[in-house]
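*Asks:* Below is the sequence, then the predicted model.
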Number of protein chains: 2
Amino acid sequence: MALRVGVVGGGQLARMMIAPAVELGVELSVLAEEAGMAASLAATAVGDYRDAEAVLAFARAVDVVTFDHEHVPQPVLRALVDAGVAVHPGPDALQFAQDKLVMRARLAELGMPQPDWAAVSDADQLQAFLDDHGGRAVVKTPRGGYDGKGVRVVSAATEAADWFAALAEDANGGALLVEELVDFTRELAQQVARRPSGEVLAYPVVETVQRDGVCAEVVAPAPHAGDRLVAVAADIGVSIAEGLGVTGMLAVELFETTDDRLLVNELAMRPHNSGHWSQDGAVTGQFEQHLRAVLDLPLGDTTPRAAWSVMVNILGGPSADTLDARFAAVMAAHPDAKVHTYGKAPRPGRKVGHVNVVGDELDDVMYQARAAASHFAD
Amino acid sequence: MALRVGVVGGGQLARMMIAPAVELGVELSVLAEEAGMAASLAATAVGDYRDAEAVLAFARAVDVVTFDHEHVPQPVLRALVDAGVAVHPGPDALQFAQDKLVMRARLAELGMPQPDWAAVSDADQLQAFLDDHGGRAVVKTPRGGYDGKGVRVVSAATEAADWFAALAEDANGGALLVEELVDFTRELAQQVARRPSGEVLAYPVVETVQRDGVCAEVVAPAPHAGDRLVAVAADIGVSIAEGLGVTGMLAVELFETTDDRLLVNELAMRPHNSGHWSQDGAVTGQFEQHLRAVLDLPLGDTTPRAAWSVMVNILGGPSADTLDARFAAVMAAHPDAKVHTYGKAPRPGRKVGHVNVVGDELDDVMYQARAAASHFAD
């Protein structure tokens, strides 16, 4: 019988595990939220990931359960573990990806470099933090945010009044996370893979370009990155993977500051947009690597296949036609571009695909990737 | 609605179209001979490819029909075309892949370099050919042979007596193909992609190593291949693709003779074992290229990603356990090897997977690929 991996969540990350699963001969199953999602080809069940019974029933037919997202509630994760299911990443690790306050506290214990931060339960506490940090800061809801949602730059505590009001209505109470507004020169991301039995391997650190809080472009490896930067980033990634007990792929989003420090911004315990370049640009893409890691198989070579890889997201897509209506034009103009689409309907700002270009000259690779992706815009 | 490609035949070639189809966002359907075949993930129907009704019903839900093999009978192919179905490659091209006598005659008309050959209807004709060609020759059944089946080296006409007897019982009569035993230094293969609208693109010519009539290894590009050899091979491939009206991938197996000529051995009008290296070793792998070509989309870049790629077939596989029982050992020893398996039960001599290794030093790439594949042997 083939090795069987079950993915909870039917989005594009699950979808992009299909190709390496087929190549390797791993039987991939997906528990999708609804029919017709991005990973529908491998969807063997449709169900609610918050329903322990549904997830348990799905898990019985696989060797290991992994995830398309970090939103499966802790009680469901614990029920899987209690039932003897192999879950990677496991609930102990996932709690740090599910709650940014818990994550900040644990990273502080591990001595990881971070922006100044605090848990604030009311407007007075937030205002005090603002007063101590130049009058501006980033406020985040600890849970449920992604792609810029649940994140707000404020210069007065009143600007988070609605979030504090929501906290007050929440029976669990709790607090918001506030972080200093870091004076950064650029954003980086560090991918790390780690197996349950302990093997851990870093990819080269990459530069990410965000627009409106959403990843727009990634350059791999990060340009102008000296040996020290590369080593420090890898060390941070490996330390977090080990310190939090992450299994599978881990993405660590980093700020590079004007005074040459790296500070940890966000974590993702799964294949991540900042690692999509590796599908075409590394010997082992992050989706294959994630499958290997969660199956506790030896990790693959993370070496880039060429000097440079650039990934450009297709955001929104054309409003009047489909992505593939643009294939003829983009493929004719960019025969070396690798086009990845997610089978999702175009919608403003939605990630519906990406383009990877790999080559030896950064200027040319960047130009080709951007030009190719631009064919899919309106 | 997504672009829809239907593949007749559920073997490993159809299976290996799944990964690029998912990446691009092409909806792939497979008409499999039976349940549980290599391409079962994309199998939307099970049916007999010799049954025109079954194939027509399958074809109605796709934009273009293509093939995992060349065995679909001409009447079925013609019925599809008559029903307005786009079929690539089409029946006019496929007839040359289905009958080696028809192929030889057409290649002669095109002026392609070939071994001496003849159609022989009886033992006397075969003996006359043997007498003219040093007493030994290769006899082939024109139809249905593959991987060394239907091919026999003979030194006396009596050694083909059973095939002549079978011809005599066949209402269609017909003849056997006899070819001179070419004095070759090595075997090469030329991959070409061609679109219905005419664009045609060659891959670099590769060296193939056969054992017991089955492809064992491929080195891409062919070592010690000068510019002239590369150009002549590409020209032969392009001329045949255009001359026979091939659409999709074409593989031309070639002999390189001791006197530095290239002679056409066999043709395959589909992705071919000799092109598997391109999955990991070329910017555009042959399975993505085949999808692009049959959809009449612009062809992808055929440039190698690195200096050398070596593909080694996994033949037979372990008798006592499964391929994936060997994953831990092979992945630990060869982190840069790309393992491809076909979901087929091990059986002596059966192609159950292959390994690709890509890199800059041929000796090392060859060693890694062979060593990795050897982990799957008994």
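*Replies:* Alright, I've got the coordinates. In this text the structure is predicted, and so the values were computed from the model without any measurement.

*Asks:* what about stretch A:328-338, average pLDDT?
*Replies:* For stretch A:328-338, mean pLDDT is 98.

*Asks:* Repeat that for stretch A:19-39.
*Replies:* 96.

*Asks:* Can you give me the buried ones in it?
*Replies:* A:19-33, A:37-39 (16 or more other C-beta atoms under 10 Å in any protein chain shown). All C-beta spots, glycine's among them, are computed from the backbone N, C-alpha and C.

*Asks:* now the helix or strand that contains residue A:22: how far from the chain's centre is it?
*Replies:* Applying DSSP states H and E as the criterion places residue A:22 in helix A:12-24. Relative to the centre of its chain, helix A:12-24 is centred 16 Å away, using C-alpha atoms, centre = their mean, to the nearest Å.

*Asks:* angle of that helix against helix B:12-24?
*Replies:* Interaxial angle, helix A:12-24 versus helix B:12-24 (axes from the mean of the first three to the mean of the last three C-alpha atoms, to 10 degrees): 160 degrees.

*Asks:* Beyond helix A:12-24, next helix or strand please.
*Replies:* For helix A:12-24, the succeeding helix or strand toward the C-terminus, using DSSP H and E, is strand A:27-32.

*Asks:* Extract the C-alpha trace of that next one and format it as CSV.
*Replies:* Presented in CSV, the C-alpha positions along strand A:27-32 are these (Å, rounded to 0.1, in the frame of the first residue of the first chain):
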residue,chain,number,x,y,z
GLU,A,27,-1.4,8.8,-2.0
LEU,A,28,-2.8,12.2,-1.1
SER,A,29,-6.3,12.7,0.3
VAL,A,30,-7.8,16.1,1.0
LEU,A,31,-10.6,17.0,3.4
ALA,A,32,-12.0,20.0,1.6
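
*Asks:* From the contact counts, what lies against it?
*Replies:* On a contact count with 3 or more C-beta pairs under 8 Å, 6 or more residues apart in numbering or on different chains; DSSP states H and E, strand A:27-32 meets strand A:4-8, helix A:12-24, strand A:43-46, helix A:52-59.

*Asks:* Can you tell me which of these is nearest to residue B:225?
*Replies:* Across the helices and strands packed on strand A:27-32, residue B:225 has its closest neighbour in helix A:12-24 (28.3 Å, C-beta to C-beta).

*Asks:* angle of that closest one against strand A:27-32?
*Replies:* 170 degrees.

*Asks:* Need the CA coordinates for helix A:12-24. PDB is fine.
*Replies:* In PDB, the C-alpha atoms belonging to helix A:12-24 read as follows (Å, rounded to 0.1, in the frame of the first residue of the first chain):
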ATOM      1  CA  GLN A  12      -4.000  26.000  -3.200                       C
ATOM      2  CA  LEU A  13      -1.400  24.700  -0.700                       C
ATOM      3  CA  ALA A  14      -3.100  21.300  -0.700                       C
ATOM      4  CA  ARG A  15      -3.500  21.500  -4.400                       C
ATOM      5  CA  MET A  16       0.200  22.100  -4.900                       C
ATOM      6  CA  MET A  17       1.000  19.000  -2.900                       C
ATOM      7  CA  ILE A  18      -0.700  16.900  -5.600                       C
ATOM      8  CA  ALA A  19       2.000  17.200  -8.200                       C
ATOM      9  CA  PRO A  20       4.900  16.000  -5.900                       C
ATOM     10  CA  ALA A  21       2.600  13.300  -4.400                       C
ATOM     11  CA  VAL A  22       1.900  11.900  -7.800                       C
ATOM     12  CA  GLU A  23       5.500  12.000  -8.800                       C
ATOM     13  CA  LEU A  24       6.700  10.200  -5.600                       C
END
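
*Asks:* do it and chain B meet at all?
*Replies:* Yes: using C-beta under 8 Å from any C-beta of the partner chain, helix A:12-24 reaches chain B at A:15-16, A:18-20, A:22-24.

*Asks:* cool, and stretch A:348-368?
*Replies:* Yes: on the criterion C-beta under 8 Å from any C-beta, stretch A:348-368 is in touch with chain B at A:353, A:358.

*Asks:* Just checking the distance from that stretch to the centre of its chain.
*Replies:* 18 Å.

*Asks:* Show me which residues of that stretch are buried.
*Replies:* Going by neighbour count (16+ other C-beta under 10 Å), the buried part of stretch A:348-368 is A:350-359, A:365-366, A:368.

*Asks:* Near chain B, which residues of the stretch 151-300 of chain A? Just list them.
*Replies:* Counting by C-beta under 8 Å from any C-beta, the stretch 151-300 of chain A sits next to chain B at A:279, A:283-284, A:292, A:297-300.

*Asks:* Can you name the two of the residues you listed that sit furthest apart?
*Replies:* Every pair of these checked by C-beta to C-beta; the farthest is A:279 and A:298, at 19.9 Å.

*Asks:* More neighbours: the two, which one.
*Replies:* Using other C-beta atoms under 10 Å in any protein chain shown as the criterion, residue A:279 and residue A:298 rank with residue A:279 on top: 24 against 19.

*Asks:* Validate this expectation: the more buried one resides in a strand.
*Replies:* No: assigned with DSSP: H, G, I helix; E, B strand; the rest coil, residue A:279 falls outside any strand and is helix.

*Asks:* can you pull the contacts of it?
*Replies:* Residue A:279 makes contact with A:16, A:285-287, A:338, A:340, A:356, B:23, according to C-beta atoms under 8 Å, 6 or more residues apart in numbering or on different chains.

*Asks:* wait, which of those residues is closest to residue B:239?
*Replies:* Distance to residue B:239 across the contacts of residue A:279 (C-beta to C-beta) is lowest for residue A:338, with 29.9 Å.

*Asks:* you'd agree the closest one is up against residue B:23?
*Replies:* Yes: with contact defined as C-beta atoms under 8 Å, residue A:338 counts as touching residue B:23 (7.4 Å).

*Asks:* residues in contact with the closest residue to residue A:249 other than its chain neighbours?
*Replies:* Nearest residue to residue A:249, sequence neighbours excluded (C-beta to C-beta, 6 or more residues apart in numbering or on different chains): residue A:290, at 4.5 Å. Neighbouring residues of residue A:290 by C-beta under 8 Å, 6+ apart: A:17, A:66, A:193, A:248-249, A:270-271.

*Asks:* so of these, which ones are in helices?
*Replies:* Counting by DSSP state H, these place residue A:17 in helices.

*Asks:* out of the contacts of residue A:290, which is most surrounded?
*Replies:* Greatest neighbour count in those, by other C-beta under 10 Å, goes to residue A:271: 31 neighbours.

*Asks:* Would you mind measuring from that residue to residue A:70?
*Replies:* 12 Å (C-beta to C-beta, to the nearest Å).

*Asks:* cool, and residue A:109?
*Replies:* 20 Å.

*Asks:* okay, these two: which has more neighbours?
*Replies:* Neighbours of residue A:109 and residue A:70, each counted by other C-beta under 10 Å, are more numerous for residue A:70; the result is 21 against 9.
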